[in-house]
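In: Need coordinates for the below:
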Amino acid sequence: MALQISATNPEHPALLLELPWQLPLEEWPEHYLVPLPRGISRHVVRYARAGAEVVAVKELAERPAVREYELLRSLDRLGIPAVDPLAVVTERTDEKGEPLEPVLITRHLGGSMPYRSMFETTMRPATMHRLMDALAVLLVRLHLAGFAWGDCSLSNTLFRRDAGAYAAYLVDAETGDLHPQLSSGQRDYDLDLARVNISGELLDLEAAGALHPSVDPIEFGAEICARYQGLWDELTRTSVYPAGKHHYIDRRIRRLNDLGFDVAEMQIAHSSNGDTVTFVPKVVDAGHHQRQLLRLTGLDTEENQARRLLNDLESWMATQDDYAPGDPPPGSRLRSSRGHPHAARPEVLAHRWVRDVFRPTVRAVPLDLRGSMDAAELYHELLEHRWYLSEHAQHDIGLDTVVDDYVTNILPKVRETLPPRADTAAPPA
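Out: Alright, predicted model coming up:
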């Protein structure tokens, strides 16, 4: 039979046809390959260039290749961090007509690294803790979506830097299975596998002399269980509080924030006698605030920046005469101006905030003094400085005063640690 390419995008087959499918993957010539670091895999894996794309090509039997392809597509639809599936190539034969193994093709995750490459220079324990945090978050998100991984490990994960932390992406779904909901036993099985796999991988690094001497591989393997359990409990438990104790709900939300999640919506139900309220948070997926801020203001920022700017936007909205009191915050899908005949739409208020607050504040800082900071990061720094000055003065300090003090007393010290601005001719925000 002729070569078969099943792809998610109609443009991909034409690009993929340029690759040497008549050769076993181990024998592909160097000029087809891209020299990127690869993790440990039970299969032959190579990075190759297909047009403008860099793709990961993995040889495996047809049934698991097709199954993993479909699982990765399902995870993509669910918004789970995983590699992007592009195609499955079957009916491969060599130049003598002998059959070759099919391949699964995924898009290379830009800026990502397998864990072994990250340990080429001995990694500090604090950084390893951040890796465990990222992996715990990924495993919780998979389980919330009903995905049983079946082989959670550092080897089956890619890590990408994320504003001082790390984001973890699933890279191998071959052993996974998708269900409407996971049982406690399924989750515990995944978690125990993760503990054993991670401890084994760290023991290998220790034997190779690539592990920090203060790190205990067994303890670090167990750490994933503790971090996962704390996160799972905080995200999924239902809380019952005395009526009127709204600060209890705020404290619960703050704990979720500390774990790296945010609440977009809340379900709050009063008991029949009115003595208690039941609170169930709905957790925001990564990137929610980026999308929300972009929709409201047109500002395209990083996720943590977006969360901070949305908080400032909400506070500013509350001071406006045409703000609808009692509305949920800008990041909530429940937000509405219905019933408030003189209230402006959230998008109108948001664009007014950009025009009257955000842009003038950023422009007040001379462009040649900002170094490499973009507008959103600069505004975040100014908000931090306003909080500091306000705490010291015991009253709110206006942004004009904050900008003057920041430019005079803070920015000269900050600039010493910042790389030079790449484009000094860029217009201010």
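In: now the residue lying closest to Y406 once chain neighbours are set aside: how far from M373?
Out: With sequence-adjacent residues excluded and distances taken as CB to CB, 6 or more residues apart in numbering, Y406 is closest to H385, at 4.9 Å. No exception for glycine: its C-beta is placed from N, CA and C like everyone else's. Distance of H385 to M373, computed by CB to CB, to the nearest Å: 13 Å.
In: Kindly report the same for H392.
Out: For H392, the distance to M373 (CB to CB) stands at 23 Å.
In: ok, now G230?
Out: From G230 to M373 the distance is 34 Å (CB to CB).
In: Check Y241 too.
Out: 41 Å.
In: what helix or strand is the residue nearest to Y406 on?
Out: helix 375-393 (DSSP states H and E).
In: rewinding a little: same drill for H392 and M373, tell me which one is more crowded.
Out: Using other CB atoms under 10 Å as the criterion, H392 and M373 rank with M373 on top: 19 against 9.
In: Three-state assignment for that one, please.
Out: Secondary structure, DSSP: H, G, I helix; E, B strand; the rest coil: M373 is coil.
In: Roughly how far does it sit from I397?
Out: The value you get for M373 to I397, if CB to CB is used, is 21 Å.
In: L203: what's it in contact with?
Out: Taking CB atoms under 8 Å, 6 or more residues apart in numbering as the criterion, L203 is in contact with P217.
In: What's the first helix or strand after the helix or strand harbouring it?
Out: Using DSSP H and E, L203 falls within helix 184-207. Remark: after helix 184-207, the chain's next helix or strand is helix 217-236, criterion DSSP H and E.
In: elements contacting the following helix or strand past that next one?
Out: The helix or strand immediately downstream of helix 217-236 is strand 239-242, counting by DSSP H and E. Counting by 3 or more CB pairs under 8 Å, 6 or more residues apart in numbering; DSSP states H and E, the packing neighbours recorded for strand 239-242 are helix 246-258, strand 276-283.
In: Could I get the full set of strands for this protein?
Out: Ranges of strands within the chain are 4-7, 45-50, 53-59, 84-90, 103-107, 112-114, 147-148, 157-162, 165-170, 177-178, 239-242, 263-270, 276-283, based on DSSP state E.
In: What score does P360 have for pLDDT?
Out: Turning to P360, the model gives it a pLDDT of 95.
In: who's in contact with V66?
Out: Contacts for V66 (CB under 8 Å, 6+ apart) come out as 6, 88, 90.
In: Do you know the pLDDT at the last one?
Out: According to the model's per-residue confidence, T90 sits at a pLDDT of 92.
In: show me what contacts it?
Out: T90 neighbours (CB under 8 Å, 6+ apart): 3-4, 6, 62, 65-66, 102.
In: quick one: it and E101, what's the gap?
Out: T90 is 9 Å from E101, by CB to CB.
In: ok, how many other residues are close to the closest residue to L15 other than its chain neighbours?
Out: Excluding its sequence neighbours, the residue lying closest to L15 (CB to CB, 6+ apart) is G51, at 3.9 Å. Using other CB under 10 Å, G51 has 12 neighbouring residues.
In: before we move on, the earlier item: can you tell me how far the residue nearest to Y406 sits from L78?
Out: 40 Å.
In: who's more crowded, the two?
Out: Per other CB under 10 Å, whichever of H385 and L78 has more neighbours is H385, with 19 against 16.
In: Quick one, grab the pLDDT at the more buried one.
Out: 91.
In: Just list the residues touching it, thanks.
Out: Taking CB under 8 Å, 6+ apart, we find H385 in contact with 402, 405-406, 410.
In: D177 now?
Out: D177 neighbours (CB under 8 Å, 6+ apart): 71, 147-148, 150.
In: still on that earlier bit, in this structure the residue nearest to L15 contacts P13, no?
Out: No. Applying CB atoms under 8 Å as the test, G51 and P13 come out as separate, 11.2 Å apart.
In: Select the helix or strand of the chain having the lowest average pLDDT value.
Out: strand 263-270 (a mean of 62; mean pLDDT, DSSP states H and E).
In: Show me the shaky parts of the stretch 1-150 of the chain.
Out: Where the stretch 1-150 of the chain drops to pLDDT under 70, the residues are 1, 11-12.
In: For it, just list every one of the helices.
Out: Secondary structure of the stretch 1-150 of the chain (DSSP state H, counting those that start in this stretch): helices located at 12-16, 62-77, 115-118, 125-144.
In: any idea how far the residue in the chain sticking out farthest from the centre lies from L23?
Out: Within the chain, K96 marks the point farthest from the mean C-alpha position, 46.4 Å out by CA atoms, centre = their mean. As judged by CB to CB, K96 and L23 stand 12 Å apart.
In: Which one of the helices and strands packed on strand 239-242 has the poorest average confidence?
Out: Out of the helices and strands packed on strand 239-242, strand 276-283 stands lowest, with a mean of 67 (criterion: mean pLDDT).
In: what's the neighbour count on D190?
Out: A count of nearby residues for D190, using other CB under 10 Å, gives 22.
In: Quick check: D188 vs D321, distance?
Out: D188 is 55 Å from D321, by CB to CB.
In: Of those two, which one has the most company?
Out: Set side by side, D188 and D321 show more neighbours around D188, with 13 against 7, by other CB under 10 Å.
In: so who does the more buried one touch?
Out: Contact analysis of D188 by CB under 8 Å, 6+ apart lists nothing.
In: ditto for the one 4 residues further on
Out: Under the criterion of CB under 8 Å, 6+ apart, the contact list for D192 reads C225.
In: Tell me the predicted confidence for it.
Out: For D192, pLDDT reads 95.
In: Could you find the closest non-adjacent residue to R141?
Out: Spatially, and ignoring its direct neighbours in sequence, R141 is nearest to I80 (5.8 Å; CB to CB, 6+ apart).
In: The one you found: neighbour count?
Out: Neighbour number of I80 under other CB under 10 Å is 20.
In: measure it to A167 for me?
Out: From I80 to A167 the distance is 12 Å (CB to CB).
In: cool, E62 as well?
Out: 32 Å.
In: P81 - nearest residue in space that isn't next to it in sequence?
Out: Nearest residue to P81, sequence neighbours excluded (CB to CB, 6+ apart): Y169, at 4.5 Å.
In: Okay then, goodbye and thanks.
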